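Colleague: Following is a predicted model, sequence given first.
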Amino acid sequence: LIFADATFAGLALLLPMPFVDAVIEEFFRRRMPRDIARRRGRALPLQSIRAVNRSRQGIWPGCLLWPVRALVYLIRNLWRTMVYVFTIYDASEKLSEYWHRAFLLDYMILRGDLDRPARAEMAAEALHRVLKTTETSPLLNLAGELVEQARTRIGAVARAIFRGARRQETEEVKRTERTLAGRWGEFQGYLIELAAQYDATLVQVEGERAAATALHNTSR
């Protein structure tokens, strides 16, 4: 269940509705930290949730480039509608990425890294750096299999996504749960390494912040 929102976010790309799919994807992406914490019996500070959900892009470049990005997004979505193989590839990548994000968020919550907003800022940076290294993850193959299966049941997937927004379970959700439960053990070694990579990255981020603070205090 920890991976429910992540799965919905990844499968949103299968919906043949330009812009609507992006809104749905973002909805589930932003809901992940709070839902994962709730399933662990934890409550996160609002600042911590904002930290892990914040876009890592600068504000001004995003504002200046949004018309171009919107045009590229629209063209890409129309092209994906005509050539569905791009949708399968994109959705598989997104699904794998969101599974990684869900796993790491769960790990961060269990460690207590999001309990304090100041530490959550560093944890969010470590999360972002680790996610940038997971493009060739073995989870991508499983994501591709699940997306390919879902493609043949797009109506059921759409209903599951919209009901998932209201936290209603459907047969499609149960089917996905069974798929993940049956295969997740294959990736235990990889996930242990992923957690260790996050640990090391967080230590690196903490060191960088401490060095920057010391340099700032010295220059004053």
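Modeller: Nice, I can see it.

Colleague: Okay, now the unreliable bits of the protein?
Modeller: 1, 56-66, 69, 73-86, 220 (pLDDT under 70).

Colleague: Mind naming the longest helix for it?
Modeller: helix 188-219 (DSSP state H).

Colleague: so what does that helix touch, helix or strand wise?
Modeller: helix 84-111, helix 117-131 (3 or more CB pairs under 8 Å, 6 or more residues apart in numbering; DSSP states H and E). For every residue, glycine as well, the C-beta is placed using N, CA and C.

Colleague: just the angle between the first one and helix 117-131, please?
Modeller: What it means is helix 84-111. Following axes from the mean of the first three to the mean of the last three CA atoms, to 10 degrees, one obtains 140 degrees for the angle between helix 84-111 and helix 117-131.

Colleague: Now helix 84-111: buried residues?
Modeller: Residues 87-88, 90-109 are the ones in helix 84-111 that count as buried (16 or more other CB atoms under 10 Å).

Colleague: about what we covered before: tabulate the helices and strands packed on helix 188-219 (a markdown table), appending distance to Ala150.
Modeller: Output for the helices and strands packed on helix 188-219, formatted as a markdown table (distance: least, CB to CB, whole Å):
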| stretch | distance to Ala150 |
| --- | --- |
| helix 84-111 | 8 |
| helix 117-131 | 23 |
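
Colleague: Quick one: closest of these to Val52.
Modeller: Val52 sits nearest to helix 117-131 of all the helices and strands packed on helix 188-219, at 4.5 Å, using CB to CB.

Colleague: Remind me what the closest one packs against, helices and strands.
Modeller: helix 46-53, helix 84-111, helix 188-219.

Colleague: quick one: contacts of that helix?
Modeller: Under the contact criterion CB atoms under 8 Å, 6 or more residues apart in numbering, helix 117-131 has outside partners 44-45, 47-48, 51-52, 54, 56, 97, 100-101, 104-105, 108, 113-114, 194, 197-198, 201-202, 204-206, 209.
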